[in-house]
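Asks: Quick check, what structure comes out for this input:
(one chain, ligands or ions: 1)
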Amino acid sequence: MLDTERCTGHGRCYSLAGDLFDSDDRGYSTVIHPDVPAGLEDQARTAVANCPERAILLEDA
Ligand code: SF4
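Replies: Alright, predicted model coming up:
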């Protein structure tokens, strides 16, 4: 889950996990895959760990 209220557009998520996140026209994050596809779990965890605003949360299915 992406908390758009917390996102301040650092861009770490879409730089480090570009298969899961993209940027909007202002540099804020957007989610490409709401449900993490198989094989991209490491990218998801990396994005969570590197978001300085703690705007990305991983939820168990
Ligand atoms: S790393 Fe966090 S604050 Fe930065 S763009 Fe991604 S979600 Fe937003």
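Asks: Around the ligand, which positions in the chain sit nearby?
Replies: Within the chain, the positions adjacent to the ligand are 7-13, 29, 51, 53, 55-56 by C-beta under 6 Å from any ligand atom. No exception for glycine: its C-beta is placed from N, CA and C like everyone else's.
Asks: Flag whichever of those scores worst on pLDDT.
Replies: Comparing pLDDT over the residues of the chain next to the ligand, the lowest score belongs to His10 (88).
Asks: and that one, which of the three is it?
Replies: coil (DSSP: H, G, I helix; E, B strand; the rest coil).
Asks: Over to Cys13?
Replies: helix.
Asks: can you pull the contacts of it?
Replies: With contact taken as C-beta atoms under 8 Å, 6 or more residues apart in numbering, Cys13 is in contact with 20-21, 29, 47, 50-51, 56.
Asks: Repeat that for Arg45.
Replies: Contacts of Arg45 by C-beta under 8 Å, 6+ apart are Leu58.
Asks: in the helix or strand hosting it, what's buried?
Replies: Per DSSP states H and E, Arg45 falls inside helix 41-50. Neighbour-count burial for helix 41-50, counted by 16 or more other C-beta atoms under 10 Å, picks out 43-44, 46-47.
Asks: Over to stretch 54-61?
Replies: When burial is assessed from 16+ other C-beta under 10 Å, stretch 54-61 yields the following buried residues: 55-56.
Asks: and that stretch, how far out from the chain's middle?
Replies: 9 Å (C-alpha atoms, centre = their mean, to the nearest Å).
Asks: And stretch 3-23, by the same measure?
Replies: 5 Å.
Asks: measure it end to end?
Replies: 14 Å (C-alpha to C-alpha, to the nearest Å).
Asks: The one helix or strand Thr30 maps to: how far from the chain's middle?
Replies: For Thr30, the element it lies in under DSSP H and E is strand 29-31. Centroid separation between strand 29-31 and its chain, computed with C-alpha atoms, centre = their mean, is 6 Å.
Asks: Determine which two of the buried residues of helix 41-50 are furthest apart.
Replies: With C-beta to C-beta as the measure, no two of the buried residues of helix 41-50 lie farther apart than Ala44 and Thr46, at 7.2 Å.
Asks: Alright, I will stop here.
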